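Novice: 3D, please:
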Amino acid sequence: MAKQTKITKSARGQDCTLLLGRCSSNETVVLCHIGKDRGMGYKCSDHFAVYGCGNCHKIIDGQAKSEFTQGELAEIKLIALERTQQKLIDKGLLNVV
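Specialist: Numbering: from 1, shown residues only. Here you go, the predicted structure:
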């Protein structure tokens, strides 16, 4: 089982920050790691992650088909990262100096 950090736990019950309007439910939201330094059994830092519901997580991980190009998905991830990091800053879980 993956290590549960405060940031990982903070995703529970949150709104998805990814593909707004395609979301399954905030009950399925988890912290989705989007950094390049990731792979099977290895995740990048929680600082490079977004709040994502089950449906959106599958799309950005390539487990579900979508009409989005790789470039569009990259832009969607960047916007979601901005939204998620602002939430983390507001909760005091990510400090900017």
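Novice: which SS state does the residue most central in space within the chain fall under?
Specialist: Centroid-nearest residue in the chain: V50, 2.2 Å away (criterion: C-alpha atoms, centre = their mean). Secondary structure, DSSP: H, G, I helix; E, B strand; the rest coil: V50 is strand.
Novice: so what sits opposite it in the bridge?
Specialist: Per DSSP bridges, the residues bridged to V50 are C32.
Novice: for V97, see how far away it is.
Specialist: With distances taken as C-beta to C-beta, to the nearest Å, V50 is found 22 Å from V97. Glycine gets a C-beta too; all of them are placed from N, C-alpha and C.
Novice: ok, and what's touching the longest helix belonging to the chain?
Specialist: When the chain is parsed with DSSP state H, its longest helix is helix 70-90. Residues external to helix 70-90 that are found in contact with it (C-beta atoms under 8 Å, 6 or more residues apart in numbering): 7, 10, 14, 17-19, 34, 47-52, 59-60, 66, 68, 94-96.
Novice: one more time with 7 Å
Specialist: 7, 10, 17-19, 34, 49-51, 60, 68, 94, 96 (C-beta atoms under 7 Å, 6 or more residues apart in numbering).
Novice: that'll do, ta.
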